[in-house]
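Chemist: Show me the folded form of this:
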Amino acid sequence: SELRVLGDLGVAELSLLVLLCAAIYGTDVLRYRALGSAVGSKIGYRAALDASVANFFFSWVTPGSTFGAPATIFMLGRRGVPWDAAVVIAFGKAFTGVALILLAALVLVGLGLGPDYDSSLLALVLFGGSVFTLLMGAILLAALRPAGAKKRIRGIFARLPKGKGRWMHALENVICRSIDRLAQLRSAGSVVPLMFTHALYFAAFTGVGVVLIVAFGGEASTPAFAATVVYIAFTYIAPTPGGAGFAEAMALPFFGPILPTERAVMMVLCFRAITLCLQVGFGLPYLLLVGGIGGVVASSESRDGSP
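Modeler: Residues are numbered from 1 along each chain as shown. All right, here's what the predicted structure looks like:
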């Protein structure tokens, strides 16, 4: 079996994989703290770790990563982070992180370092990129023109049927306060540290892929690095939880040029197991220990109107 190559890894390679997996959580914690600082809300390491574990777990196991952001908001809120700040942190981390990895992927592809795309893959990338661009544009508009954005929000709520209860008024206030906090991200003093933590996070993520490429007979080269970065970006815009299905099916277009066919497939399966399945396996007992699974589900269902 091709998987036997993993058993042949030396202590140094296995230790590096363990270190990089830990670094994914560590750098994600730094991302939460950087965003908290950017919006004027201090986040402790314990709160950031809870949010990180919950976000990974629920993003991977729910369709379209539906519960990822609610999980982050709930776990931060239960640790004392204001709800309006938690909303901005949850969505701000997601959008700014995806923006960075997509930009890096586009640059690498533009330099001719990415894999060759067939028409179906290109269509998927364009569709996902278009949806993300629209959402990112709305967020940037709110940050650049907070007064106008809040006026529109209040106008929308004013047109809703009366008698919805105090929770509608509270929701309106949370959204408006979130826009105010979002506007704080415009300053270079906030954006630069945040982007630095994003870069560290994706460097750890990419490092896992490069180590596995070497383990399966490839080289730690610029093409290996570029293919892994573009592949990670692809998993973010694929229309399934964590890119499941699509990500595995794209093993050959991304890694076929640098690995034999069978080993390219196994490399991707191992990469997905380490960066996705491992986080699910770690997240479940962690969340059962610290609590929060029931609260996340209940808060998510109350948001979408489910019983």
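Chemist: The stretch 101-250 of the chain: helices as residue ranges?
Modeler: 119-144, 146-159, 166-183, 188-215, 222-237, 246-249 (DSSP state H, counting those that start in this stretch).
Chemist: in terms of contact, does Phe216 touch Met267 like I think?
Modeler: Yes: taking contacts as CB atoms under 8 Å, Phe216 lies within contact range of Met267: 4.6 Å. In short, each C-beta sits where N, CA and C put it, glycine included.
Chemist: These two - which one has more neighbours?
Modeler: The neighbour count for Phe216 versus Met267, taken as other CB atoms under 10 Å, is higher for Met267 (27 against 23).
Chemist: Does that one lie in a helix or a strand, and which?
Modeler: For Met267, the host element (DSSP states H and E) is helix 261-272.
Chemist: Now the element after that helix, going C-ward?
Modeler: helix 278-290.
Chemist: what's that next one in contact with?
Modeler: Contact with helix 278-290 is made by 21, 50, 53-54, 56-57, 60-61, 293, as judged by CB atoms under 8 Å, 6 or more residues apart in numbering.
Chemist: Looking at those residues, state which has the most neighbours.
Modeler: Ala54 (27 neighbours).
Chemist: anything in contact with each of Phe216 and Met267?
Modeler: Counting by CB under 8 Å, 6+ apart, the shared contacts of Phe216 and Met267 are Leu259.
Chemist: what number of residues lie near Lys42?
Modeler: 11.
Chemist: now Leu252
Modeler: If you count neighbours by other CB under 10 Å, Leu252 ends up with 14.
Chemist: Tell me the buried residues in the helix or strand harbouring it?
Modeler: Taking DSSP H and E as the definition, Leu252 sits inside helix 251-255. The neighbour-count check on helix 251-255 (16 or more other CB atoms under 10 Å) flags 251, 253-255 as buried.
Chemist: Output those as CSV; include the columns distance to Met195 and pLDDT.
Modeler: Output for these, formatted as CSV (distance: CB to CB, whole Å; pLDDT from 0 to 100):
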residue, distance to Met195, pLDDT
Ala251, 30, 83
Pro253, 29, 81
Phe254, 25, 84
Phe255, 27, 88
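Chemist: With distance to Ala199 as extra columns, can I get those in a markdown table?
Modeler: Converted to a markdown table, those look like this (distance: CB to CB, whole Å):
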| residue | distance to Ala199 |
| --- | --- |
| Ala251 | 26 |
| Pro253 | 26 |
| Phe254 | 21 |
| Phe255 | 23 |
